[in-house]
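**Student:** Only the shape, not the letters, is given here:
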């Protein structure tokens, strides 16, 4: 006789929003880079937009529907945007990484964009090639991790705009990254097919293991509530996932082959329910599982099915789900011309707050400052109640004005004349440069005289 495993989430089902509650007429700019391509916080959704330069559409969740062709954009990169993330503790701050070798920090007006935004709050410069990953620290305020196409990871204090930690030559090109619960460590998957756990403040690889051996990319997600690690990738032919104990990476706790499809897998984990959602690029379906601490460590629940292939996906922060509808998760599914929210719901008849499926969740407030984190301190996440009667969540309590960037003076850029083989043009340029040298020598002499007179 088979025994049905008890679970609060055995009957969870996915339900897409009605068409008028979706974002349509969109023009996502999605390339071959392995990114989720979409980001969501409690107020906005964002994704790269087609057009000149590196543009991003930032849309208010209060105003779904047909998106205007001339929608205001964030447009300040000189290359395509590869990754987008929202600040976990400020709903109006967003980070982007680009092929132009920079990451940028943007301030979104409280009522959303009314005109195209071209000036970032900070430009984080120091990578030599494309910045394909940006990831905020889970508990420390204003700490951002960036990773590029070559062997470098940087952790920044985004208020000062300075990298406080730089990790070099510890691995091949990073494909994904995920912090542990308090952010003291992070896990990575890389092009060399290895899973690594990094201690950034010691500038060392704490442990590593052979991961998925397929030629395509892999992803990692730290299962923070269970202190396990989940990876998704490819075997020799099939898509597969693995579960690991971060204290002992000698072999995975579970390896399961999924199917023979070719799309890269995107995992999303909800630590409150221990539910893991797995969406494949080019797939229409979304599988979801419950992860536990006992063998086999993961149980398949069901799948949301659709015929529309997804290009990207984002998970809504738990503080923004609809508890009145018993919604325990919401994913934003990006397709070629629409962004569709999909609710995952626990069927209940009662309209009262369901405390058994809504434990306290991570707070939209930091536990520690950037300075304290970089000095070696750690702090666990703080938690808030999702019960509306407790009134513990204030999404707009922290505004854009609370972010105070300390900008550094920019190094002046020398503008050289265009190259030419025309003799007359060369004589003209030579005369202009000669005059400029005379001006600079005069300025230098006057400055020396001034400094000498002040002594």
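**Tutor:** Noted; the coordinates are in hand. Note that the coordinates shown come from a computational prediction; the quantities given were computed from them, not determined experimentally.
**Student:** Nearest residue to the middle of this protein?
**Tutor:** By C-alpha atoms, centre = their mean, the chain has its centre lying nearest to residue 85, at 3.7 Å.
**Student:** so who does that one touch?
**Tutor:** Going by C-beta atoms under 8 Å, 6 or more residues apart in numbering, residue 85 touches 39, 94, 95, 134, 135, 136. Every residue, glycine included, has its C-beta placed from N, CA and C.
**Student:** Mind doing that once more with 7 Å?
**Tutor:** Residues in contact with residue 85 (C-beta atoms under 7 Å, 6 or more residues apart in numbering) are 39, 95, 134, 135, 136.
**Student:** Equivalent analysis for residue 172, please.
**Tutor:** Residue 172 is in contact with 151, 190, 191, 192, counting by C-beta under 7 Å, 6+ apart.
**Student:** out of the residues you listed, which is most surrounded?
**Tutor:** Of all the contacts of residue 172, residue 190 has the most neighbours under the rule other C-beta atoms under 10 Å, reaching 23 neighbours.
**Student:** quick one, phi/psi of it?
**Tutor:** In terms of degrees, to the nearest 10, the main-chain angles of residue 190 are phi -140, psi 170.
**Student:** can you check residue 140 too?
**Tutor:** phi -90, psi 140.
**Student:** same deal with residue 320?
**Tutor:** The phi/psi pair for residue 320 (degrees, to the nearest 10) is phi -110, psi 0.
**Student:** Cross-check the contact I'm expecting between it and residue 42.
**Tutor:** Yes - Residue 320 is within contact range of residue 42, at 3.7 Å (criterion: C-beta atoms under 7 Å).
**Student:** how far does the helix or strand the residue nearest to the centre of the chain falls within sit from the chain's center?
**Tutor:** For residue 85, the host element (DSSP states H and E) is strand 81-86. With C-alpha atoms, centre = their mean, to the nearest Å as the basis, strand 81-86 stands 6 Å off its chain's centre.
**Student:** Next secondary structure element downstream of that strand?
**Tutor:** From strand 81-86, the next helix or strand downstream (DSSP H and E) is strand 93-98.
**Student:** Indicate each strand paired with the helix or strand that that following strand is followed by and its parallel or antiparallel sense.
**Tutor:** Toward the C-terminus, strand 93-98 is succeeded by strand 102-107 as the next helix or strand (DSSP H and E). Sheet pairing for strand 102-107, assigned by DSSP bridges, gives strand 93-98 (antiparallel), strand 122-125 (antiparallel).
**Student:** can you list the weak-confidence ranges in the protein?
**Tutor:** Scanning the chain with the threshold set as pLDDT under 70 gives 1-4, 170, 407-420, 452-455.
**Student:** and the longest helix seen in it, which residues are buried?
**Tutor:** Identified as the longest helix of the chain according to DSSP state H is helix 423-454. With burial defined by 16 or more other C-beta atoms under 10 Å, the residues of helix 423-454 counted as buried are residue 429.
**Student:** In terms of secondary structure, what does that helix contact?
**Tutor:** Using 3 or more C-beta pairs under 7 Å, 6 or more residues apart in numbering; DSSP states H and E as the contact test, no helix or strand touches helix 423-454.
**Student:** From here on, call the first residue 54.
**Tutor:** Sure thing, new numbering starts at 54, so read that last one as helix 476-507.
**Student:** Can you tell me, leaving aside adjacent residues, what's nearest to residue 349?
**Tutor:** residue 307 (5.5 Å; C-beta to C-beta, 6 or more residues apart in numbering).
**Student:** List the contacts of the one you found.
**Tutor:** By C-beta under 7 Å, 6+ apart, residue 307 lies in contact with 295, 296, 349, 350, 351.
**Student:** ditto for residue 356
**Tutor:** Shown in contact with residue 356 (C-beta under 7 Å, 6+ apart): 338, 339, 340, 341.
**Student:** mind checking how far it is from residue 442?
**Tutor:** Distance, residue 356 to residue 442, by C-beta to C-beta, to the nearest Å: 34 Å.
**Student:** Contacts only, for the residue nearest to residue 384 when sequence neighbours are not counted.
**Tutor:** Using C-beta to C-beta, 6+ apart and skipping residues adjacent in sequence, the residue nearest residue 384 is residue 395, 4.9 Å away. By C-beta under 7 Å, 6+ apart, the residues touching residue 395 are 67, 68, 69, 357, 383, 384, 386.
**Student:** Assign a three-state SS to the second one, would you?
**Tutor:** In this case it means residue 68. Of the three states, residue 68 takes strand under DSSP: H, G, I helix; E, B strand; the rest coil.
**Student:** And for it, the neighbour number?
**Tutor:** Neighbour tally, residue 68, other C-beta under 10 Å: 13.
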